[in-house]
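J.: 3D, please:
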Amino acid sequence: MSVVDDLRSQISAGRITFDPPAARSAKLRRELLGENAGTKVTGLLQELVLEVSRRSRIRISSIVRSEGHHGRGRAFDVGNEEIAAALLPGIATDAQVRDLHIDELIFDATVAGQDDRNEWNYDQGQKHNYNGTTLNDHRNHIHFAVKAS
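T.: Residues are numbered from 1 along each chain as shown. As a prediction, this is how the structure comes out:
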């Protein structure tokens, strides 16, 4: 099976859902599966989404947007941030970040009960401390981005 077939299976199984309303959900689904016009997601991003969905049920709130990694088809946001405490300790490690080709991981960890707001954050594949403004913007979703290749 291909990665896209595996993603379809995860969607059918309810492991991957999308933000409502229905039109938005359909748009996000098309973007994830590469069925949209315009900017396409990369294979590395699809592989990361697949791996994250194997670890936890996720609700995708954003994929292709105009700015940053999103604008290049290399980022997605998980909108059900309540899974962070269970999900991120197993992903936000140097080894997993390397193996999953993660470029950025941004989330305000205090939302998940951590003392360090930057507990799980990475930039350019390295542990990183984001500023307060960036962390405030990432209290209601977990941002993942993959490397270019």
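J.: Okay, strands next: where are they in this protein?
T.: Here the chain has its strands, by DSSP state E, at 16-18, 58-62, 75-78, 102-106, 122-123, 126-127, 142-146.
J.: outside of the fifth one, which residues touch it?
T.: Contacts made with strand 122-123 from outside it, assessed by CB atoms under 8 Å, 6 or more residues apart in numbering, are listed as 92, 97, 102-106, 128, 130. For every residue, glycine as well, the C-beta is placed using N, CA and C.
J.: How about the contacts made by residue 78?
T.: Listed by CB under 8 Å, 6+ apart, the contact partners of residue 78 are 52, 58-61, 141-142, 144.
J.: could the strands of the chain go into CSV alongside distance to residue 10 and mean pLDDT?
T.: Shown next, in CSV, are the strands of the chain (distance: least, CB to CB, whole Å; pLDDT from 0 to 100):
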stretch, distance to residue 10, mean pLDDT
strand 16-18, 5, 98
strand 58-62, 9, 98
strand 75-78, 13, 98
strand 102-106, 19, 98
strand 122-123, 24, 98
strand 126-127, 29, 98
strand 142-146, 15, 98
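J.: Turn those into a markdown table, columns for distance to residue 46.
T.: Below are the strands of the chain laid out as a markdown table (distance: least, CB to CB, whole Å):
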| stretch | distance to residue 46 |
| --- | --- |
| strand 16-18 | 11 |
| strand 58-62 | 12 |
| strand 75-78 | 10 |
| strand 102-106 | 14 |
| strand 122-123 | 20 |
| strand 126-127 | 24 |
| strand 142-146 | 9 |
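J.: By neighbour count, which of the contacts of residue 78 wins?
T.: When neighbours are counted by other CB atoms under 10 Å, residue 142 leads the contacts of residue 78 with 27 neighbours.
J.: now it, which residues is it bridged with?
T.: Beta bridges link residue 142 to residue 78 when assigned by DSSP bridges.
J.: Enumerate every residue touching it.
T.: Residue 142 neighbours (CB under 8 Å, 6+ apart): 77-78, 81, 84, 87-88, 105-107.
J.: Cool, thanks, signing off.
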